[in-house]
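Student: The sequence and its predicted three-dimensional model are supplied below.
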Amino acid sequence: MKKAICTLLISLITASCFPQKIPARFDPKKLHWCKPNGISDSVLCGLCPVAENRQTNKSRIINLNVVVIPAVHSDSLLAPIFDIDGGPGAADTKSVWFYADPENPYHQHHDIVLVDVRGTGQSNPLNCYSLQYKASLDEQFDDMYPPEKVRQCYDELSKIADLKQYTTTNIVKDLEDVRKWLGYDEIELFSLSYGTRVALVYMKLFPASLRACVLWSPIPTYGKMPMYHAVTAQKTLERLFAACKNDPDCHATFPDVEKEFYTLMNAWFGRSMIVKHIDSLNIVHEIEISWDGFETGLRQLMYSPAGLRQIPYIIHQCYMNNFEPVLSYYPQGSDTSKFIAEGLYLCVTCAEDVPFIKSAKKKGLDSLTQHTFMGSYRIDQQKAACKNWAHGEIPAGFLDTIHSEIPTLIFSGSYDPVTPSWMASEIASHLPHSTLVTIPEMSHIFDGLNNIDCFDHIAVDFLNNPFRNVNYDCVKTMTPPPFKLK
(Lines give C-alpha, C1' and ligand atoms only; values in the text may rest on other atoms or scores of the structure.)
Protein backbone atom coordinates (compact mmCIF):
# COMPACT_ATOMS: atom_id res chain seq x y z
CA MET A 1 0.00 0.00 0.00
CA LYS A 2 2.80 2.45 0.94
CA LYS A 3 4.59 1.60 -2.29
CA ALA A 4 1.42 2.30 -4.28
CA ILE A 5 0.94 5.64 -2.54
CA CYS A 6 4.58 6.59 -3.16
CA THR A 7 4.25 5.65 -6.82
CA LEU A 8 1.11 7.77 -7.11
CA LEU A 9 2.82 10.74 -5.45
CA ILE A 10 5.84 10.45 -7.73
CA SER A 11 3.51 10.36 -10.75
CA LEU A 12 1.65 13.46 -9.59
CA ILE A 13 4.88 15.33 -8.85
CA THR A 14 6.32 14.35 -12.23
CA ALA A 15 3.17 15.46 -14.03
CA SER A 16 3.22 18.82 -12.28
CA CYS A 17 6.92 19.46 -12.79
CA PHE A 18 7.22 18.42 -16.44
CA PRO A 19 4.99 19.72 -19.25
CA GLN A 20 2.63 17.37 -21.02
CA LYS A 21 3.84 15.88 -24.24
CA ILE A 22 3.16 17.90 -27.37
CA PRO A 23 0.98 15.91 -29.81
CA ALA A 24 3.02 14.28 -32.55
CA ARG A 25 1.34 16.30 -35.30
CA PHE A 26 2.99 19.49 -34.00
CA ASP A 27 6.65 20.51 -34.18
CA PRO A 28 7.98 21.03 -30.61
CA LYS A 29 10.61 23.38 -32.04
CA LYS A 30 7.83 25.75 -33.10
CA LEU A 31 5.17 25.37 -30.40
CA HIS A 32 5.29 25.10 -26.62
CA TRP A 33 2.67 24.70 -23.92
CA CYS A 34 1.46 27.93 -22.37
CA LYS A 35 -1.44 29.17 -20.28
CA PRO A 36 -2.79 32.59 -21.31
CA ASN A 37 -4.73 34.59 -18.75
CA GLY A 38 -8.32 33.55 -18.23
CA ILE A 39 -8.08 29.84 -19.09
CA SER A 40 -7.57 26.76 -16.93
CA ASP A 41 -6.01 24.37 -19.45
CA SER A 42 -2.76 24.82 -21.34
CA VAL A 43 -2.68 25.51 -25.06
CA LEU A 44 0.11 25.59 -27.62
CA CYS A 45 1.84 28.88 -28.39
CA GLY A 46 4.44 29.93 -30.93
CA LEU A 47 5.77 32.71 -33.15
CA CYS A 48 5.61 32.37 -36.93
CA PRO A 49 8.06 34.72 -38.69
CA VAL A 50 6.88 36.54 -41.83
CA ALA A 51 8.40 39.37 -43.84
CA GLU A 52 6.71 42.72 -43.36
CA ASN A 53 7.38 43.64 -46.99
CA ARG A 54 6.39 40.63 -49.05
CA GLN A 55 7.70 42.09 -52.30
CA THR A 56 11.30 42.49 -51.17
CA ASN A 57 11.39 39.91 -48.33
CA LYS A 58 14.27 41.98 -46.97
CA SER A 59 12.37 44.13 -44.54
CA ARG A 60 11.74 43.71 -40.83
CA ILE A 61 10.37 40.40 -39.64
CA ILE A 62 7.00 40.23 -37.92
CA ASN A 63 6.70 37.33 -35.48
CA LEU A 64 3.04 36.43 -35.69
CA ASN A 65 1.57 35.38 -32.36
CA VAL A 66 -0.03 31.96 -32.85
CA VAL A 67 -2.15 29.95 -30.41
CA VAL A 68 -3.31 26.40 -31.15
CA ILE A 69 -5.97 24.60 -29.10
CA PRO A 70 -5.56 20.90 -29.93
CA ALA A 71 -8.72 18.93 -30.66
CA VAL A 72 -10.19 17.03 -27.72
CA HIS A 73 -10.59 13.83 -29.75
CA SER A 74 -7.32 13.39 -31.60
CA ASP A 75 -8.38 9.92 -32.81
CA SER A 76 -11.10 11.47 -35.03
CA LEU A 77 -9.44 14.63 -36.33
CA LEU A 78 -11.12 16.83 -38.88
CA ALA A 79 -9.63 19.85 -40.69
CA PRO A 80 -8.28 22.54 -38.34
CA ILE A 81 -10.30 25.73 -37.97
CA PHE A 82 -8.54 29.07 -38.41
CA ASP A 83 -10.53 31.77 -36.59
CA ILE A 84 -10.35 35.25 -38.15
CA ASP A 85 -11.69 38.18 -36.13
CA GLY A 86 -12.93 41.57 -37.28
CA GLY A 87 -12.16 45.24 -36.92
CA PRO A 88 -9.92 45.51 -38.76
CA GLY A 89 -7.68 45.65 -35.73
CA ALA A 90 -9.03 43.01 -33.30
CA ALA A 91 -6.54 40.53 -31.85
CA ASP A 92 -7.70 36.99 -32.53
CA THR A 93 -5.90 35.31 -29.63
CA LYS A 94 -8.20 37.12 -27.18
CA SER A 95 -10.77 34.44 -28.09
CA VAL A 96 -8.67 31.69 -26.51
CA TRP A 97 -10.92 31.67 -23.43
CA PHE A 98 -13.88 30.67 -25.62
CA TYR A 99 -12.22 27.91 -27.62
CA ALA A 100 -10.11 26.46 -24.79
CA ASP A 101 -13.18 25.38 -22.81
CA PRO A 102 -13.09 21.55 -22.86
CA GLU A 103 -16.82 21.54 -23.68
CA ASN A 104 -16.49 23.98 -26.58
CA PRO A 105 -18.12 22.27 -29.58
CA TYR A 106 -15.70 23.64 -32.17
CA HIS A 107 -12.57 21.94 -30.89
CA GLN A 108 -13.97 18.49 -30.16
CA HIS A 109 -12.67 17.19 -33.52
CA HIS A 110 -10.84 20.24 -34.88
CA ASP A 111 -7.62 21.93 -33.85
CA ILE A 112 -8.39 25.64 -33.39
CA VAL A 113 -5.80 28.10 -34.66
CA LEU A 114 -5.83 31.71 -33.46
CA VAL A 115 -3.45 34.19 -35.08
CA ASP A 116 -2.91 37.81 -34.13
CA VAL A 117 -2.67 39.08 -37.70
CA ARG A 118 -0.02 41.68 -38.50
CA GLY A 119 -0.74 44.92 -36.67
CA THR A 120 -2.81 43.36 -33.88
CA GLY A 121 -2.35 41.75 -30.47
CA GLN A 122 1.27 40.69 -30.09
CA SER A 123 2.11 40.76 -33.81
CA ASN A 124 3.71 44.20 -34.08
CA PRO A 125 0.49 45.89 -32.90
CA LEU A 126 -0.41 49.21 -34.48
CA ASN A 127 -2.13 50.74 -31.48
CA CYS A 128 -2.74 54.48 -31.66
CA TYR A 129 -2.58 55.58 -28.06
CA SER A 130 -3.15 59.18 -29.10
CA LEU A 131 -6.56 58.01 -30.37
CA GLN A 132 -7.28 55.08 -28.04
CA TYR A 133 -6.41 56.81 -24.76
CA LYS A 134 -9.10 58.93 -23.12
CA ALA A 135 -8.01 60.98 -20.11
CA SER A 136 -11.52 61.58 -18.82
CA LEU A 137 -15.19 60.96 -19.47
CA ASP A 138 -15.36 64.19 -21.50
CA GLU A 139 -12.87 62.84 -24.04
CA GLN A 140 -15.08 59.83 -24.81
CA PHE A 141 -17.18 62.24 -26.87
CA ASP A 142 -14.31 63.80 -28.84
CA ASP A 143 -14.23 63.49 -32.61
CA MET A 144 -13.29 60.04 -33.84
CA TYR A 145 -10.16 61.16 -35.69
CA PRO A 146 -8.81 64.56 -34.59
CA PRO A 147 -6.22 65.46 -37.28
CA GLU A 148 -3.43 66.28 -34.83
CA LYS A 149 -3.86 62.94 -33.03
CA VAL A 150 -3.92 61.03 -36.32
CA ARG A 151 -0.67 62.71 -37.38
CA GLN A 152 0.87 61.94 -33.99
CA CYS A 153 -0.07 58.29 -34.31
CA TYR A 154 1.24 58.11 -37.86
CA ASP A 155 4.59 59.56 -36.80
CA GLU A 156 4.90 57.15 -33.86
CA LEU A 157 3.92 54.01 -35.76
CA SER A 158 6.10 54.87 -38.76
CA LYS A 159 9.09 54.23 -36.49
CA ILE A 160 8.13 50.59 -35.98
CA ALA A 161 6.30 49.69 -39.18
CA ASP A 162 6.06 50.31 -42.90
CA LEU A 163 2.39 51.24 -42.80
CA LYS A 164 1.88 50.53 -46.51
CA GLN A 165 2.41 46.82 -45.84
CA TYR A 166 -0.58 46.29 -43.54
CA THR A 167 -3.27 45.27 -46.01
CA THR A 168 -5.76 42.43 -46.37
CA THR A 169 -3.75 40.74 -49.11
CA ASN A 170 -0.63 40.60 -46.95
CA ILE A 171 -2.68 39.37 -43.99
CA VAL A 172 -4.01 36.51 -46.15
CA LYS A 173 -0.51 35.58 -47.30
CA ASP A 174 0.62 35.59 -43.68
CA LEU A 175 -2.16 33.16 -42.73
CA GLU A 176 -1.20 30.88 -45.60
CA ASP A 177 2.36 30.90 -44.25
CA VAL A 178 1.03 29.96 -40.81
CA ARG A 179 -0.85 27.03 -42.37
CA LYS A 180 2.35 25.76 -43.97
CA TRP A 181 4.39 26.47 -40.81
CA LEU A 182 2.02 24.31 -38.77
CA GLY A 183 2.11 21.56 -41.39
CA TYR A 184 -1.58 21.50 -42.22
CA ASP A 185 -2.91 20.51 -45.63
CA GLU A 186 -6.52 21.72 -45.88
CA ILE A 187 -7.98 24.08 -43.30
CA GLU A 188 -11.38 25.62 -42.57
CA LEU A 189 -12.03 29.29 -41.88
CA PHE A 190 -14.40 30.77 -39.30
CA SER A 191 -14.58 34.51 -39.85
CA LEU A 192 -16.46 37.49 -38.44
CA SER A 193 -17.04 40.98 -39.86
CA TYR A 194 -13.81 42.31 -41.44
CA GLY A 195 -12.44 38.80 -40.96
CA THR A 196 -14.86 37.70 -43.70
CA ARG A 197 -13.08 39.98 -46.16
CA VAL A 198 -9.86 38.23 -45.22
CA ALA A 199 -11.58 34.86 -45.70
CA LEU A 200 -12.96 35.83 -49.12
CA VAL A 201 -9.53 36.93 -50.34
CA TYR A 202 -8.08 33.69 -48.94
CA MET A 203 -10.67 31.77 -51.00
CA LYS A 204 -9.55 33.69 -54.06
CA LEU A 205 -5.78 33.39 -53.60
CA PHE A 206 -5.41 29.93 -52.07
CA PRO A 207 -8.50 27.83 -52.85
CA ALA A 208 -6.56 24.55 -52.68
CA SER A 209 -5.77 25.23 -49.02
CA LEU A 210 -9.41 25.47 -47.95
CA ARG A 211 -11.99 22.80 -47.20
CA ALA A 212 -14.82 25.07 -46.03
CA CYS A 213 -15.54 28.57 -44.81
CA VAL A 214 -17.94 30.32 -42.43
CA LEU A 215 -18.69 34.00 -43.08
CA TRP A 216 -20.46 35.75 -40.19
CA SER A 217 -21.80 39.25 -40.93
CA PRO A 218 -19.73 39.52 -44.11
CA ILE A 219 -18.17 42.54 -45.78
CA PRO A 220 -16.87 42.19 -49.36
CA THR A 221 -13.67 43.69 -50.71
CA TYR A 222 -15.78 46.37 -52.45
CA GLY A 223 -17.62 47.30 -49.23
CA LYS A 224 -16.13 50.82 -49.18
CA MET A 225 -16.28 51.17 -45.39
CA PRO A 226 -17.84 53.42 -44.05
CA MET A 227 -19.83 54.43 -47.14
CA TYR A 228 -22.97 52.49 -46.16
CA HIS A 229 -22.76 52.91 -42.39
CA ALA A 230 -25.22 55.81 -42.13
CA VAL A 231 -28.01 54.43 -44.31
CA THR A 232 -27.67 50.95 -42.82
CA ALA A 233 -27.77 52.19 -39.23
CA GLN A 234 -30.77 54.36 -40.09
CA LYS A 235 -32.67 51.31 -41.38
CA THR A 236 -31.77 49.42 -38.20
CA LEU A 237 -33.09 52.29 -36.09
CA GLU A 238 -36.35 52.42 -38.04
CA ARG A 239 -36.75 48.67 -37.66
CA LEU A 240 -36.15 49.04 -33.93
CA PHE A 241 -38.83 51.74 -33.61
CA ALA A 242 -41.29 49.44 -35.40
CA ALA A 243 -40.39 46.56 -33.06
CA CYS A 244 -40.97 48.78 -30.02
CA LYS A 245 -44.33 49.87 -31.38
CA ASN A 246 -45.34 46.22 -31.85
CA ASP A 247 -44.17 45.23 -28.38
CA PRO A 248 -46.95 45.92 -25.82
CA ASP A 249 -44.59 46.75 -22.93
CA CYS A 250 -42.22 48.90 -24.98
CA HIS A 251 -45.04 50.80 -26.67
CA ALA A 252 -46.86 51.37 -23.38
CA THR A 253 -43.70 52.70 -21.73
CA PHE A 254 -42.33 54.68 -24.69
CA PRO A 255 -45.32 55.48 -26.93
CA ASP A 256 -43.59 58.47 -28.55
CA VAL A 257 -39.98 57.27 -28.64
CA GLU A 258 -39.53 57.84 -32.37
CA LYS A 259 -40.88 61.39 -32.12
CA GLU A 260 -38.68 62.01 -29.06
CA PHE A 261 -35.61 60.84 -30.95
CA TYR A 262 -36.11 63.18 -33.88
CA THR A 263 -36.95 66.07 -31.56
CA LEU A 264 -33.58 65.50 -29.86
CA MET A 265 -31.83 65.16 -33.18
CA ASN A 266 -33.30 68.32 -34.70
CA ALA A 267 -32.32 70.37 -31.64
CA TRP A 268 -28.89 68.79 -31.23
CA PHE A 269 -27.63 67.99 -34.75
CA GLY A 270 -24.44 69.87 -35.61
CA ARG A 271 -23.94 71.27 -32.14
CA SER A 272 -22.95 70.28 -28.62
CA MET A 273 -24.94 70.07 -25.43
CA ILE A 274 -23.69 70.64 -21.89
CA VAL A 275 -25.07 68.00 -19.53
CA LYS A 276 -24.60 67.54 -15.82
CA HIS A 277 -23.03 64.36 -14.48
CA ILE A 278 -22.74 63.25 -10.86
CA ASP A 279 -19.72 60.98 -10.33
CA SER A 280 -19.21 58.24 -7.75
CA LEU A 281 -17.98 60.81 -5.21
CA ASN A 282 -21.18 62.81 -5.66
CA ILE A 283 -19.30 65.59 -7.45
CA VAL A 284 -21.19 67.38 -10.22
CA HIS A 285 -19.42 67.73 -13.57
CA GLU A 286 -20.44 69.46 -16.77
CA ILE A 287 -19.86 67.23 -19.79
CA GLU A 288 -19.93 68.54 -23.36
CA ILE A 289 -21.53 66.04 -25.72
CA SER A 290 -21.83 66.69 -29.44
CA TRP A 291 -24.55 65.03 -31.49
CA ASP A 292 -21.83 63.18 -33.38
CA GLY A 293 -20.40 61.87 -30.13
CA PHE A 294 -23.86 60.77 -29.00
CA GLU A 295 -24.85 59.06 -32.25
CA THR A 296 -21.51 57.26 -32.45
CA GLY A 297 -22.19 55.68 -29.06
CA LEU A 298 -25.78 54.90 -30.01
CA ARG A 299 -24.63 53.13 -33.15
CA GLN A 300 -22.21 50.99 -31.14
CA LEU A 301 -25.14 49.74 -29.06
CA MET A 302 -26.79 48.60 -32.28
CA TYR A 303 -24.12 45.94 -32.84
CA SER A 304 -25.90 43.47 -30.53
CA PRO A 305 -29.54 42.66 -29.73
CA ALA A 306 -28.73 43.30 -26.07
CA GLY A 307 -27.66 46.85 -26.92
CA LEU A 308 -30.50 47.48 -29.34
CA ARG A 309 -33.13 46.67 -26.73
CA GLN A 310 -31.80 49.41 -24.46
CA ILE A 311 -32.02 52.21 -27.02
CA PRO A 312 -35.70 53.24 -26.55
CA TYR A 313 -35.05 53.66 -22.81
CA ILE A 314 -31.91 55.72 -23.46
CA ILE A 315 -33.67 57.97 -25.98
CA HIS A 316 -36.55 58.61 -23.61
CA GLN A 317 -34.24 59.43 -20.70
CA CYS A 318 -32.25 61.87 -22.83
CA TYR A 319 -35.50 63.46 -23.97
CA MET A 320 -36.35 63.88 -20.27
CA ASN A 321 -32.94 65.58 -19.84
CA ASN A 322 -31.42 62.62 -17.98
CA PHE A 323 -28.14 61.69 -19.65
CA GLU A 324 -26.84 59.39 -16.92
CA PRO A 325 -27.91 56.22 -18.80
CA VAL A 326 -25.75 57.33 -21.76
CA LEU A 327 -22.79 58.29 -19.61
CA SER A 328 -22.95 55.02 -17.68
CA TYR A 329 -21.78 53.10 -20.76
CA TYR A 330 -18.41 54.83 -20.73
CA PRO A 331 -15.43 54.52 -18.34
CA GLN A 332 -15.72 57.26 -15.74
CA GLY A 333 -12.00 58.01 -15.58
CA SER A 334 -8.96 57.59 -17.78
CA ASP A 335 -9.13 54.62 -20.13
CA THR A 336 -7.20 53.04 -22.99
CA SER A 337 -9.27 51.00 -25.40
CA LYS A 338 -7.27 48.07 -26.76
CA PHE A 339 -10.02 46.18 -28.54
CA ILE A 340 -9.19 47.69 -31.95
CA ALA A 341 -5.69 48.66 -33.04
CA GLU A 342 -6.64 51.94 -34.71
CA GLY A 343 -3.43 52.00 -36.73
CA LEU A 344 -4.32 48.79 -38.52
CA TYR A 345 -7.89 49.99 -39.01
CA LEU A 346 -6.57 53.06 -40.81
CA CYS A 347 -3.98 51.08 -42.80
CA VAL A 348 -6.67 48.78 -44.21
CA THR A 349 -9.49 51.26 -44.80
CA CYS A 350 -7.22 54.02 -46.17
CA ALA A 351 -5.91 51.56 -48.78
CA GLU A 352 -8.98 49.49 -49.62
CA ASP A 353 -12.10 51.52 -48.83
CA VAL A 354 -11.95 55.27 -48.35
CA PRO A 355 -10.15 56.12 -51.65
CA PHE A 356 -13.03 54.58 -53.58
CA ILE A 357 -15.82 56.43 -51.82
CA LYS A 358 -14.95 59.56 -53.79
CA SER A 359 -15.62 57.68 -57.04
CA ALA A 360 -19.32 57.55 -56.19
CA LYS A 361 -21.46 60.24 -57.74
CA LYS A 362 -22.12 63.08 -55.31
CA LYS A 363 -25.85 62.62 -55.62
CA GLY A 364 -25.51 58.91 -54.87
CA LEU A 365 -23.33 59.55 -51.84
CA ASP A 366 -25.75 62.17 -50.51
CA SER A 367 -28.59 59.66 -50.75
CA LEU A 368 -26.66 57.39 -48.39
CA THR A 369 -26.21 60.06 -45.71
CA GLN A 370 -29.01 62.60 -46.01
CA HIS A 371 -31.99 62.12 -43.71
CA THR A 372 -29.99 59.74 -41.49
CA PHE A 373 -29.13 60.31 -37.85
CA MET A 374 -25.41 59.87 -38.64
CA GLY A 375 -25.27 62.21 -41.60
CA SER A 376 -21.89 62.27 -43.33
CA TYR A 377 -19.92 62.49 -40.06
CA ARG A 378 -18.27 59.06 -40.19
CA ILE A 379 -17.32 59.39 -43.87
CA ASP A 380 -15.94 62.88 -43.31
CA GLN A 381 -13.89 61.73 -40.30
CA GLN A 382 -12.30 58.82 -42.12
CA LYS A 383 -11.60 60.81 -45.27
CA ALA A 384 -9.81 63.43 -43.18
CA ALA A 385 -7.86 60.77 -41.29
CA CYS A 386 -6.73 59.09 -44.51
CA LYS A 387 -5.27 62.37 -45.75
CA ASN A 388 -2.77 62.00 -42.91
CA TRP A 389 -2.12 58.29 -43.38
CA ALA A 390 -0.22 55.94 -45.68
CA HIS A 391 -2.05 54.30 -48.57
CA GLY A 392 -0.91 50.75 -49.23
CA GLU A 393 -1.23 49.19 -52.66
CA ILE A 394 -4.01 46.78 -53.52
CA PRO A 395 -3.61 44.26 -56.35
CA ALA A 396 -5.47 44.50 -59.63
CA GLY A 397 -8.93 43.00 -59.35
CA PHE A 398 -9.03 43.31 -55.56
CA LEU A 399 -12.43 45.03 -55.65
CA ASP A 400 -13.98 42.47 -57.99
CA THR A 401 -16.64 40.07 -56.77
CA ILE A 402 -15.17 36.78 -55.61
CA HIS A 403 -16.31 33.50 -57.15
CA SER A 404 -15.48 30.22 -55.45
CA GLU A 405 -16.58 26.57 -55.40
CA ILE A 406 -15.59 26.18 -51.72
CA PRO A 407 -18.50 25.15 -49.45
CA THR A 408 -19.46 28.26 -47.51
CA LEU A 409 -21.90 28.99 -44.70
CA ILE A 410 -23.00 32.63 -44.39
CA PHE A 411 -24.73 34.14 -41.35
CA SER A 412 -26.47 37.51 -41.61
CA GLY A 413 -28.58 39.49 -39.15
CA SER A 414 -31.63 41.49 -40.16
CA TYR A 415 -30.77 44.22 -37.62
CA ASP A 416 -27.12 44.55 -38.65
CA PRO A 417 -26.18 48.28 -38.70
CA VAL A 418 -22.82 47.84 -40.46
CA THR A 419 -22.82 44.81 -42.81
CA PRO A 420 -26.38 44.74 -44.19
CA SER A 421 -28.14 41.62 -45.39
CA TRP A 422 -27.93 42.73 -49.01
CA MET A 423 -24.15 42.38 -48.82
CA ALA A 424 -24.51 38.80 -47.57
CA SER A 425 -26.98 38.00 -50.35
CA GLU A 426 -24.71 39.48 -52.99
CA ILE A 427 -21.69 37.54 -51.71
CA ALA A 428 -23.73 34.32 -51.65
CA SER A 429 -24.85 34.84 -55.26
CA HIS A 430 -21.25 34.32 -56.41
CA LEU A 431 -20.60 31.26 -54.26
CA PRO A 432 -22.58 28.38 -55.82
CA HIS A 433 -21.92 26.03 -52.88
CA SER A 434 -22.98 28.51 -50.22
CA THR A 435 -25.85 28.50 -47.74
CA LEU A 436 -27.15 31.85 -46.48
CA VAL A 437 -28.71 31.77 -43.01
CA THR A 438 -30.52 34.98 -42.11
CA ILE A 439 -31.22 35.32 -38.39
CA PRO A 440 -34.16 37.73 -38.12
CA GLU A 441 -33.38 39.12 -34.65
CA MET A 442 -29.57 39.18 -34.91
CA SER A 443 -27.65 42.38 -35.32
CA HIS A 444 -23.94 42.34 -36.22
CA ILE A 445 -23.43 39.75 -33.48
CA PHE A 446 -25.93 37.67 -31.52
CA ASP A 447 -25.20 38.74 -27.91
CA GLY A 448 -28.49 38.93 -26.01
CA LEU A 449 -30.51 36.52 -28.15
CA ASN A 450 -32.07 33.43 -26.62
CA ASN A 451 -30.75 30.00 -27.59
CA ILE A 452 -27.44 31.19 -29.00
CA ASP A 453 -26.35 27.54 -28.92
CA CYS A 454 -28.35 27.26 -32.14
CA PHE A 455 -25.73 29.35 -33.94
CA ASP A 456 -22.86 27.13 -32.79
CA HIS A 457 -24.84 23.98 -33.57
CA ILE A 458 -25.37 25.10 -37.17
CA ALA A 459 -21.76 26.21 -37.62
CA VAL A 460 -20.22 23.08 -36.07
CA ASP A 461 -22.47 20.73 -38.06
CA PHE A 462 -21.39 22.50 -41.23
CA LEU A 463 -17.67 22.48 -40.37
CA ASN A 464 -17.85 18.80 -39.43
CA ASN A 465 -19.40 17.95 -42.80
CA PRO A 466 -19.56 20.90 -45.24
CA PHE A 467 -20.87 18.74 -48.06
CA ARG A 468 -24.31 17.98 -46.65
CA ASN A 469 -27.36 20.21 -46.45
CA VAL A 470 -27.46 22.67 -43.57
CA ASN A 471 -30.40 22.43 -41.17
CA TYR A 472 -31.02 25.82 -39.59
CA ASP A 473 -34.60 25.45 -38.36
CA CYS A 474 -33.53 26.41 -34.83
CA VAL A 475 -32.94 30.07 -35.77
CA LYS A 476 -36.63 30.68 -35.08
CA THR A 477 -35.84 30.05 -31.40
CA MET A 478 -33.17 32.80 -31.38
CA THR A 479 -35.59 35.36 -30.00
CA PRO A 480 -34.63 38.81 -28.68
CA PRO A 481 -34.35 39.85 -25.05
CA PRO A 482 -37.07 42.07 -23.55
CA PHE A 483 -36.79 45.83 -24.03
CA LYS A 484 -35.21 47.73 -21.17
CA LEU A 485 -38.07 49.65 -19.55
CA LYS A 486 -36.47 51.17 -16.45
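Tutor: Cool, the structure landed.

Student: Run through the bridge partners of residue 120.
Tutor: residue 123 (DSSP bridges).

Student: what sits against it?
Tutor: Applying Cβ atoms under 8 Å, 6 or more residues apart in numbering to residue 120 gives the contacts 87, 89-92, 126, 341, 344. C-beta: built from backbone N, CA, C; applies to glycine.

Student: And residue 444, by the same measure?
Tutor: Neighbours of residue 444 in contact, by Cβ under 8 Å, 6+ apart: 193, 217, 302-304, 413, 416-419.

Student: Go through the contacts of residue 120 and flag which are in helices.
Tutor: residue 344 (DSSP state H).

Student: Look up phi and psi at the nearest residue to residue 34 once chain neighbours are set aside.
Tutor: Of all residues not flanking residue 34 in the chain, residue 45 sits nearest, at 3.9 Å (Cβ to Cβ, 6 or more residues apart in numbering). With angles defined as degrees, to the nearest 10, residue 45 sits at phi -130, psi 150.

Student: Now for residue 267, how many residues are close by?
Tutor: Residue 267 has 10 neighbours, counted by other Cβ atoms under 10 Å.

Student: Now do residue 476: how many residues are near it, please.
Tutor: With other Cβ under 10 Å as criterion, residue 476 counts 12.

Student: In three-state terms, label it for me.
Tutor: helix (DSSP: H, G, I helix; E, B strand; the rest coil).

Student: if I look at it, how far off is residue 217?
Tutor: Distance from residue 476 to residue 217, counting by Cβ to Cβ, to the nearest Å: 19 Å.

Student: Please apply the same query to residue 163.
Tutor: 27 Å.

Student: More neighbours: those two, which one.
Tutor: Ranked by neighbour count (other Cβ under 10 Å), residue 163 and residue 217 place residue 217 first, with 29 against 22.

Student: Report the contact partners of that one.
Tutor: Here residue 217 is in contact with 86, 192-193, 196, 411-413, 416, 418-419, 424, 444-445 (criterion: Cβ under 8 Å, 6+ apart).

Student: what pLDDT does it get?
Tutor: On the pLDDT scale, residue 217 is placed at 98.

Student: contacting residues around the closest residue to residue 111 other than its chain neighbours?
Tutor: Nearest non-adjacent residue to residue 111, counting by Cβ to Cβ, 6+ apart: residue 80, 4.0 Å away. Residue 80 makes contacts with 110-113, 182, 184, 187-188, as judged by Cβ under 8 Å, 6+ apart.

Student: Turn those into CSV, including distance to residue 37.
Tutor: Listed next are those as CSV, based on distance: Cβ to Cβ, whole Å:
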residue, distance to residue 37
110, 24
111, 21
112, 18
113, 19
182, 23
184, 27
187, 27
188, 27
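
Student: Let's see the pLDDT reported for the residue positioned nearest the centre of the chain.
Tutor: Central residue of the chain (Cα atoms, centre = their mean): residue 86, 3.1 Å from the mean position. On the pLDDT scale, residue 86 is placed at 96.

Student: next one: residue 459
Tutor: Reported pLDDT for residue 459: 98.

Student: buried stuff in whichever helix or strand it is part of?
Tutor: Using DSSP states H and E, the element containing residue 459 is helix 453-464. Of the residues in helix 453-464, 454-455, 458-464 count as buried by neighbour count, 16 or more other Cβ atoms under 10 Å.

Student: cool, stretch 396-414 as well?
Tutor: Here stretch 396-414 shows 398, 402, 404, 406-413 as buried, counting by 16+ other Cβ under 10 Å.

Student: Might you list the low-confidence residue ranges for this protein?
Tutor: Confidence mapping of the chain against pLDDT under 70 gives the ranges 1-19, 359-364.

Student: Show me the strands in it, by range?
Tutor: 32-34, 43-51, 61-69, 81-84, 112-116, 133-134, 187-192, 210-216, 272-278, 284-290, 335-336, 408-413, 434-439 (DSSP state E).

Student: From residue 44, how far off is residue 102?
Tutor: When residue 102 is compared with residue 44 (using Cβ to Cβ), they lie 15 Å apart.

Student: which residues does the residue lying closest to residue 379 once chain neighbours are set aside contact?
Tutor: Distance criterion Cβ to Cβ, 6+ apart; nearest residue to residue 379, sequence neighbours excluded, is residue 226 at 5.9 Å. Residues in contact with residue 226 (Cβ under 8 Å, 6+ apart) are 349, 353, 378-379, 382.

Student: separation between residue 226 and residue 98?
Tutor: 28 Å.

Student: just residue 259 next, same as before
Tutor: Distance check for residue 259 against residue 98: by Cβ to Cβ, it reads 41 Å.

Student: between the two, which one's more packed in?
Tutor: residue 98 (16 against 11).

Student: between the contacts of residue 444, which is closest to residue 317?
Tutor: Comparing these against residue 317 with Cβ to Cβ places residue 302 closest, at 17.3 Å.

Student: give the contact list for the closest one.
Tutor: When contacts are taken as Cβ under 8 Å, 6+ apart, residue 302 is in contact with 233, 236-237, 240, 308, 311, 415, 417, 443-444.

Student: tell me, how many neighbours does the closest residue to it other than its chain neighbours end up with?
Tutor: In space, and not counting its chain neighbours, residue 302 is closest to residue 417: 4.1 Å by Cβ to Cβ, 6+ apart. Other residues near residue 417 come to 28 when the count uses other Cβ under 10 Å.
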